[in-house]
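**Q** no sequence on this one, just coordinates:
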């Protein structure tokens, strides 16, 4: 699918939306989860992000990557939800820890072709990934968000700065911390 064809487009069809959801769905869900620490909220808000994408495709101008545009929608959707009366009333729900099962389901390990990991190496690798993400989830939200955008989504410092409405120096400083 050519995402560049969506620049300056006023509408998209269902097939384009399905392709976008297939391509970016896991990234959007994970990003929302990192912001909310709640899998049910991530499910609901990820759906909302793609609904907004469908109806607001006319606002995508191609100034940033399509992924950065979707992550911006996701971030704004989470923050809008937090400001809603539902959130303020305390009905939002508890924080769920990131379990090893969640990490195993959400993270994919790319192995070189022809190389199989032993059961022990697979277990140790999954334990290490789980421990790292558990540590990341304990960071303050502003540090965690920048780290996730950099490591998981491989956005440039410029894209992160634009997405979070911060200066390049602030992004670099938070990444360094």
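**A** Arrived safely, thanks for sending. Being a predicted model, the structure only gives us computed values, none of them experimental. Residues are numbered from 1 along each chain as shown.
**Q** okay, CA-based contacts and neighbour counts for the rest of this
**A** Fine.
**Q** Name the SS class of the residue nearest to the spatial centre of the chain, please.
**A** When CA atoms, centre = their mean is applied to the chain, the residue found nearest the centroid is residue 31 (2.1 Å). Classification of residue 31 using DSSP: H, G, I helix; E, B strand; the rest coil returns helix.
**Q** Would you check that it makes contact with residue 150?
**A** No. Residue 31 lies out of contact with residue 150 (CA atoms under 8 Å); the separation is 11.4 Å.
**Q** still on that earlier bit, the residue nearest to the centre of the chain and residue 58, how far apart?
**A** Per CA to CA, to the nearest Å, residue 31 is found 23 Å from residue 58.
**Q** Residue 50 against residue 21, yeah?
**A** Yes. Contact criterion CA under 8 Å: residue 50 and residue 21 qualify, at 7.1 Å.
**Q** shaky segments in this protein?
**A** The model of the chain has pLDDT under 70 over residues 1-9, 85-128.
**Q** could you redo the last one with a cut-off of 90?
**A** For the chain, applying pLDDT under 90 flags the ranges 1-17, 34-38, 54-66, 79-157, 159, 162-164, 174-177.
**Q** Would you map the helices across it?
**A** Applying DSSP state H to the chain gives helices spanning 14-36, 39-55, 66-83, 85-88, 100-106, 119-138, 141-151, 157-164, 168-176.
**Q** buried residues in stretch 76-86?
**A** Within stretch 76-86, the residues scored as buried using 16 or more other CA atoms under 10 Å are 77-78, 81.
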